[in-house]
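**Student:** When you get a sec, could you give me coordinates for this:
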Amino acid sequence: MATISKNPPLHASPPPVSRVGSIFDEILRLMQEERGESIAPVCKQCLDLGYVFIPNPDRTGDPGTYELCSCQRELCRCDGHPPFEYFDEEANAMRPCPVRPVRLDLHKARLALRSSGIPPRFQGKFLDGIDQRVQESDNLTDAVFYAVRMIARFQSRNRRGLYLHGDTGCGKTLLSCAILNEIIRAHREPVRYAKISRDILGKLRASFNPNSEIYGEGKAIEDELARVPALVIDDFGVHRETEWVNQVLYDLIDARYENDLLTIITSNEPMDTWKGVGGGRIYSRLREMCAEEHIKSPDYRLRNRDA
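**Tutor:** Just a heads-up that it's a prediction; the model follows:
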């Protein structure tokens, strides 16, 4: 806990950070619209969130994290650690730091990012970072347009998820992870990225193995995926060769449907391919839960591998 009288402590400045982009401006504007507000942001760097994402300039290992914006560092009176209080010498008492609410939001954003399961290469990737050349040449723009409104309405019942399908390398995973990153930044809510073969089916199979570290934890794995506020299921449809797999997928989709939770799905195949699987139960749920966007694009990864 810091002892402060009149002057705030000097804080080391983080690496320079550019202001958040125009797409995030639109997300926040739509969020205000949902609340019936219309307030122009004062800080052009954080748009009054109070924190910004600082990428790791080395791009090795740690992709970066959220930090307090300079507009809040100027007001801070504490040492940056919970419970975010400072000692007021004049009053001889502990006081909440003026930026304590922002510190709490920052803590939530950091925690949401750490527990998200988003692959490191996609952490800190936002919708503004998606290659504009791709947006101009194909219908990725339509998917981004839909995603902006979906993110803004995240806390509302008036929104559906997204089913992205297209050829390998067209940018589905990048877009889905960018959506999760935007949800973390705007709403500070828990999100989860799960690749179908590794993070769902692979872990559930391992939970049956007595020699596995996660033996017996199948129910906990299923519950986490069923309850997280926003979930990306990547490579949906890669495995559907057995009745067990199809039942697992249906149970997960059905649980999220019943809980009215946001689900983003990526697949190489259109939604219609699920019509004949399991009596059409999965297809029926997907059609009601998600808007479908077909991403038509040359291999995004090959085009951007030298970026």
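
**Student:** gap between Pro98 and Lys108?
**Tutor:** Per Cβ to Cβ, to the nearest Å, Pro98 is found 19 Å from Lys108. Using the backbone N, CA and C atoms, a C-beta is placed for each residue, glycine as well.

**Student:** and what of Asp235?
**Tutor:** Counting by Cβ to Cβ - Asp235 and Lys108 are separated by 29 Å.

**Student:** same deal with Met271?
**Tutor:** For Met271, the distance to Lys108 - Cβ to Cβ - is 33 Å.

**Student:** Just the strands from the chain, written as ranges.
**Tutor:** Taking DSSP state E as the criterion, the chain carries its strands at 2-4, 51-55, 64-68, 85-88, 93-96, 161-165, 191-195, 230-234, 262-267, 290-294.

**Student:** can you list those in JSON lines and add mean pLDDT, distance to Arg153 and mean neighbour count?
**Tutor:** Conversion of those to JSON lines gives the following (pLDDT from 0 to 100; distance: least, Cβ to Cβ, whole Å; neighbours: other Cβ atoms under 10 Å):
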{"stretch": "strand 2-4", "mean pLDDT": "38", "distance to Arg153": "40", "mean neighbour count": "15"}
{"stretch": "strand 51-55", "mean pLDDT": "95", "distance to Arg153": "22", "mean neighbour count": "20"}
{"stretch": "strand 64-68", "mean pLDDT": "95", "distance to Arg153": "23", "mean neighbour count": "20"}
{"stretch": "strand 85-88", "mean pLDDT": "96", "distance to Arg153": "36", "mean neighbour count": "18"}
{"stretch": "strand 93-96", "mean pLDDT": "96", "distance to Arg153": "32", "mean neighbour count": "12"}
{"stretch": "strand 161-165", "mean pLDDT": "97", "distance to Arg153": "11", "mean neighbour count": "23"}
{"stretch": "strand 191-195", "mean pLDDT": "97", "distance to Arg153": "15", "mean neighbour count": "21"}
{"stretch": "strand 230-234", "mean pLDDT": "97", "distance to Arg153": "12", "mean neighbour count": "25"}
{"stretch": "strand 262-267", "mean pLDDT": "97", "distance to Arg153": "9", "mean neighbour count": "25"}
{"stretch": "strand 290-294", "mean pLDDT": "95", "distance to Arg153": "12", "mean neighbour count": "18"}
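
**Student:** related to what we said a few turns ago, compare neighbour counts for Met271 and Lys108 and give me the winner.
**Tutor:** Taking other Cβ atoms under 10 Å, Met271 and Lys108 do not tie; Met271 has more neighbours (20 against 17).

**Student:** Please look at that one and Tyr283 and confirm they touch.
**Tutor:** Yes - if you go by Cβ atoms under 8 Å, Met271 and Tyr283 touch, sitting 6.7 Å apart.

**Student:** give me the beta-bridge partners of Pro55?
**Tutor:** Gly64 (DSSP bridges).

**Student:** May I ask you to confirm that it is in contact with Phe126?
**Tutor:** No - assessed by Cβ under 8 Å, Pro55 is found out of contact with Phe126, at 10.6 Å.

**Student:** and of the strands of the chain, who's closest to Ile184?
**Tutor:** strand 191-195 (6.1 Å; Cβ to Cβ).

**Student:** quick check: angle from that closest one to strand 262-267?
**Tutor:** In terms of direction (axes from the mean of the first three to the mean of the last three Cα atoms, to 10 degrees), strand 191-195 departs from strand 262-267 by 20 degrees.

**Student:** So for the chain, which residue is the most central one in space?
**Tutor:** Compute the mean C-alpha point of the chain, and by Cα atoms, centre = their mean the closest residue is Leu180, 1.8 Å away.

**Student:** OK, contacts around that one?
**Tutor:** 116, 118, 191, 193, 230, 232, 264 (Cβ atoms under 8 Å, 6 or more residues apart in numbering).

**Student:** Spatially nearest residue to Ala206, not counting backbone neighbours?
**Tutor:** Ser212 (4.3 Å; Cβ to Cβ, 6 or more residues apart in numbering).

**Student:** And the one you found, how far from Asp62?
**Tutor:** Here Ser212 is placed at a distance of 28 Å from Asp62 (Cβ to Cβ).

**Student:** give me the number of residues near the closest residue in space to Gly278 that isn't next to it in sequence?
**Tutor:** Once flanking residues are discounted, Gly278 sits nearest to Asn246: 4.7 Å by Cβ to Cβ, 6+ apart. The number of residues packed near Asn246 is 18, by other Cβ under 10 Å.

**Student:** how much space between Asn246 and Gly280?
**Tutor:** Distance, Asn246 to Gly280, by Cβ to Cβ: 11 Å.

**Student:** Over to Phe208?
**Tutor:** 28 Å.

**Student:** hmm, back to that, could I get the phi/psi values of the residue nearest to Ala206?
**Tutor:** Here is the backbone geometry of Ser212 (degrees, to the nearest 10): phi -90, psi 150.
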